[in-house]
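Student: Got a sequence here, can you build the structure:
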Amino acid sequence: MALPRSDYLSNVWKDGIFDNKVVFCTGGGGTICSAQVRALVHLGANACIVGRNVEKTEAMARSIATARKGAKVIGIGGLDVRKIETLEKAVERTPTSKLETPILTNLPENSAGAAGNFLSPISNLSPNAFKTVIDIDTIGSYNTLKATIPHLVASAKKHPNAATNPDTGGRIIFISASFHFTGMPLQTHAAVAKAGVDALSASVALEYGPRGVTSNILTPGPIAGTEGMERLGNKAAEASGAAMRSNPLQRYGSVKEIADGTVYLFSDAGNYVNGEVLVIDGGGWRSPGSFEAGSRKYPDYLLDDSFARRIFFLGMLRFFGLEYDDMTMKLYIFMRGARDISLLREVQGK
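Tutor: Residues are numbered from 1 along each chain as shown. This next block holds a predicted model:
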């Protein structure tokens, strides 16, 4: 059953604006990416989405195909963006004889437990964990670029980027974040990885702009109902409304708003936009203050190692396959001492 258009696309966009276009999207099974691709398919595009989880990716492809009668959407699972040969094979399966605009490159939300979607102080961040995020996010973005850029250049040549041409080819969007704009406690791995993606996009814009290819960054803020917010969100602050009040617009964003930004950059309206960073976060990255861990304020949770202990506790629960409950809390208190009771209650916002 098709989702209502209002779930993933505003009414301002005209049907058919992406007729005969193709989108290639890594991480297409994720909440945000699937909404982006669904919007493009609704407006006429065909698509190939790839991801690590076979069942999830294929199921999402079938769901996205319901956005428009006759749409062709292929879902390719079991793909590792760290291995360029898997991406090259996926591109060959794209549902068209010629890959045309646009291409959507994104951090795979369904691989490695969602690269970067975890919190850790540098003191607890192993070199291997740091490298894994870089490999999936930054290197994965570069590999996707390398696998698709020959097709994008050919598309841009056939459909030149001119102010009078409503049918241009060769568009790239990289999905990024705003952590590295100011620095972010507990998100060093993601901040460094995304800074690399931003630099990659800027270089692509300069090197391939003369060939008619545009490259831009789309940076979402906190988006309600996503895997990222499920992992990173502060449940207690969300329940009280404090999390939303930290944003100038007093709310989280929606996947529809990210999809709308995607349509803009890929549409005729975005023909002259190149090398830019479009932040869709309600002005959140400009808000004062740093990340807060439960009731603890910055830098207290770093200086007293409380967040490091929290990570250790949650890791032990996952290792033994346990759920957070009063019994596990009592056991941990017995092992660590009553001083950590407030920390344990924060683990699930109790």
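
Student: the strands in the stretch 151-300 of the chain, which residues?
Tutor: Here the stretch 151-300 of the chain has its strands, by DSSP state E, counting those that start in this stretch, at 171-175, 214-220, 277-280.

Student: ok, and which of those has the densest surroundings?
Tutor: strand 171-175 (a mean of 27; mean count of other C-beta atoms under 10 Å). From N, CA and C alone the C-beta is placed, and that goes for glycine too.

Student: In PDB, list the C-alpha atoms belonging to it.
Tutor: Extracted as PDB, the C-alpha positions of strand 171-175 are listed here (Å, rounded to 0.1, in the frame of the first residue of the first chain):
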ATOM      1  CA  ARG A 171      23.700  15.700 -10.000                       C
ATOM      2  CA  ILE A 172      25.300  14.600  -6.700                       C
ATOM      3  CA  ILE A 173      24.100  15.000  -3.200                       C
ATOM      4  CA  PHE A 174      26.200  13.800  -0.200                       C
ATOM      5  CA  ILE A 175      24.500  13.500   3.100                       C
END
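
Student: quick one: that strand to strand 214-220, angle?
Tutor: 30 degrees (axes from the mean of the first three to the mean of the last three C-alpha atoms, to 10 degrees).

Student: Partner strands of strand 171-175, with direction?
Tutor: strand 103-105 (parallel), strand 214-220 (parallel) (DSSP bridges).

Student: Any idea which of the strands of the stretch 151-300 of the chain gets closest to L119?
Tutor: In terms of C-beta to C-beta, the element of the strands of the stretch 151-300 of the chain nearest to L119 is strand 214-220, at 17.7 Å.

Student: Relative to the whole chain's centre, how far out is the closest one?
Tutor: Between the mean C-alpha location of strand 214-220 and the chain-wide mean there is a distance of 11 Å, by C-alpha atoms, centre = their mean, to the nearest Å.

Student: and stretch 227-234, which residues are buried?
Tutor: Neighbour counts using 16 or more other C-beta atoms under 10 Å place E227, G228, M229, L232, G233, N234 of stretch 227-234 among the buried residues.

Student: and if you look at stretch 57-69?
Tutor: T57, E58, M60, A61, S63, I64, A65, A67, R68.

Student: Now flag whichever of the residues you listed is closest to A2.
Tutor: Closest approach to A2 among the buried residues of stretch 57-69 (C-beta to C-beta): A67, at 6.1 Å.

Student: Looking at that closest one now. What's its pLDDT?
Tutor: Turning to A67, the model gives it a pLDDT of 97.

Student: neighbours of the residue lying closest to it once chain neighbours are set aside, just the number please.
Tutor: In this structure, A67 finds its nearest non-sequential neighbour in H42, 4.2 Å apart by C-beta to C-beta, 6 or more residues apart in numbering. Residues lying near H42 (other C-beta atoms under 10 Å) number 23.

Student: correct me, but H42 touches L9?
Tutor: Yes: H42 is within contact range of L9, at 5.9 Å (criterion: C-beta atoms under 8 Å).

Student: Just put the buried residues of stretch 227-234 in JSON lines and tack on distance to G221.
Tutor: Shown next, in JSON lines, are the buried residues of stretch 227-234 (distance: C-beta to C-beta, whole Å):
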{"residue": "E227", "distance to G221": "15"}
{"residue": "G228", "distance to G221": "10"}
{"residue": "M229", "distance to G221": "10"}
{"residue": "L232", "distance to G221": "12"}
{"residue": "G233", "distance to G221": "12"}
{"residue": "N234", "distance to G221": "15"}
